[in-house]
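**Student:** Fold the following, please.
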Amino acid sequence: MNPHVLTILISSLGLGTTITFASSHWLLAWMGLEINTMAILPLMAKQHHPRAIEAATKYFLTQATAAAMILFASTMEAWASGEWNIQQISNQTAMTLLTLALALKIGLAPLHFWMPEVLQGLDLTTGLILSTWQKLAPFAIMYQISPNMNHTLLVLMGLTSTLIGGWGGLNQTQARKIMAYSSIAHLGWMITVLQFMPNLTVLNLTIYIMMTSAIFLTLKNISATKINTMATTWSKTPALTTTTMLCLLSLGGLPPLSGFMPKWLILQELTKQNLPLLATLMAMSALLSLFFYLRLCYAMALTISPNTNNPTTPWRFKTTQTTMLLTSTTTLSLLLLPITPAIMALTT
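**Tutor:** Just a heads-up that it's a prediction; the model follows:
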């Protein structure tokens, strides 16, 4: 892709998200979301492959539907109350519609069906943008309207997402589809705690973005998109394979890694809110996700491919890929747990 065009598209992605972040008017927030969607579509379709075009078309249709629902719901609210302010919504029908539209935007269950299919059709860099950056703008709106949202609907969607995210990833062999179901499961955790402690949702989203970036950048570094391909990495890049295995366990929420922190704090908050059944179900659903992360760890670190690696070992060649971002995200994904008290002091 032409570097000038790429610069314009990346800048538009940033601009769309910034507009949504800064807006308190529904039309401006909607406009930011639309700029975001329009900017990522050429990045999705740049491979000129039927699978990529299909993914871009599916993404466009779902995002256009969600955007139309947001515009309709905000117009309904403005018609009833005369207010376009994001934080002042009195109409419960409009609020329910907005919640469902934003859930469709980010891929929350049961509106998640587009997510694995779209992510599977993209290259790893665009997949990284879709899994991380594209979540920011809808979450900025959800954060602002969270006090007025239907709490029962949020809990139901959150619990459904964690269960479907865990169950859906069990029989996958494609790394991108596994990461899509991982995203759905993590979104469930974020949405469940949004009504009780929005700052915890922000913390969970930040750590999720770090961990997902580390995994996607690693997959790009080793050019792996399937579990079978990942099984050959131990003989090529042993150090990277070890850190990737730890990042996967961090995504699963195992102590003493960073991914344990948000799960631990969310379960603690749910218990404080007298919701022990919900906390138990969420903890049990995390075990489903942990199973397919362990499958990836087993494939990467505990199996050796039956094929002999005839070519010269890759570490004898200088890599052309920059690894600064990969190093930073991996370090943050593994080592943040000891400073949990300091992070909590900043977020409360």
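**Student:** number of nearby residues for Phe4?
**Tutor:** Slight slip there: residue 4 is His, not Phe. Counted with other CB atoms under 10 Å, the burial measure for His4 works out to 8 neighbours. Glycine gets a C-beta too; all of them are placed from N, C-alpha and C.
**Student:** Quick one: low-confidence residue ranges for the stretch 201-348 of the chain.
**Tutor:** 304-322 (pLDDT under 70).
**Student:** how about the helices in it?
**Tutor:** Secondary structure of the stretch 201-348 of the chain (DSSP state H, counting those that start in this stretch): helices at 227-230, 238-252, 260-272, 276-301, 324-335, 340-347.
**Student:** quick one: buried residues of the third one?
**Tutor:** Okay, so that is helix 260-272. Within helix 260-272, the residues that count as buried by 16 or more other CB atoms under 10 Å are 260-263, 265-267, 269-270.
**Student:** next one: the longest one
**Tutor:** Neighbour-count burial for helix 276-301, counted by 16+ other CB under 10 Å, picks out 278-279, 281-282, 285-286, 288-290, 292-297, 299-301.
**Student:** I'd like to know which elements it is packed against.
**Tutor:** Secondary structure elements in contact with helix 276-301, counted by 3 or more CB pairs under 8 Å, 6 or more residues apart in numbering; DSSP states H and E, are helix 151-168, helix 175-194, helix 227-230, helix 238-252, helix 260-272.
**Student:** Taking their axis directions, it and helix 151-168 sit at what angle?
**Tutor:** Using axes from the mean of the first three to the mean of the last three CA atoms, to 10 degrees, the direction of helix 276-301 lies 30 degrees away from that of helix 151-168.
**Student:** sorry, back to before: how about the helices and strands packed on helix 276-301, which one is nearest Gly107?
**Tutor:** Between Gly107 and these, the tightest spacing by CB to CB is seen for helix 175-194, at 6.0 Å.
**Student:** got a markdown table for the helices of the stretch 201-348 of the chain, with distance to Val155 too?
**Tutor:** Below are these laid out as a markdown table (distance: least, CB to CB, whole Å):
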| stretch | distance to Val155 |
| --- | --- |
| helix 227-230 | 33 |
| helix 238-252 | 23 |
| helix 260-272 | 10 |
| helix 276-301 | 6 |
| helix 324-335 | 28 |
| helix 340-347 | 22 |
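**Student:** Of all these, which one is nearest Trp167?
**Tutor:** When the helices of the stretch 201-348 of the chain are compared for distance to Trp167 using CB to CB, the nearest one is helix 276-301, at 5.8 Å.
**Student:** number of nearby residues for Pro338?
**Tutor:** Applying other CB under 10 Å, we find 10 residues neighbouring Pro338.
**Student:** give me the number of residues near the closest residue to it other than its chain neighbours?
**Tutor:** Residue nearest to Pro338 in three dimensions, not counting chain neighbours: Pro256, with 7.8 Å by CB to CB, 6 or more residues apart in numbering. A count of nearby residues for Pro256, using other CB under 10 Å, gives 11.
**Student:** same question, Gly107
**Tutor:** Around Gly107 sit 26 other residues, with neighbours defined as other CB under 10 Å.
**Student:** Not counting its neighbours along the chain, what's nearest it?
**Tutor:** Taking CB to CB, 6+ apart as the measure, Gly107 lies nearest to Met115, with 3.7 Å between them; neighbours along the chain are not counted.
**Student:** Quick check: the one you found vs Ile53, distance?
**Tutor:** When distances are taken as CB to CB, to the nearest Å, Met115 and Ile53 turn out to be 18 Å apart.
**Student:** out of the two, which sits in the busier spot?
**Tutor:** Set Met115 next to Ile53 and count neighbours by other CB under 10 Å: Met115 wins out with 27 against 14.
**Student:** In which helix or strand does the more buried one reside?
**Tutor:** Element membership of Met115, judged by DSSP states H and E, is helix 114-120.
**Student:** Can you list the buried residues in that helix?
**Tutor:** Residues of helix 114-120 classed as buried under the neighbour-count rule (16+ other CB under 10 Å) are 114-120.
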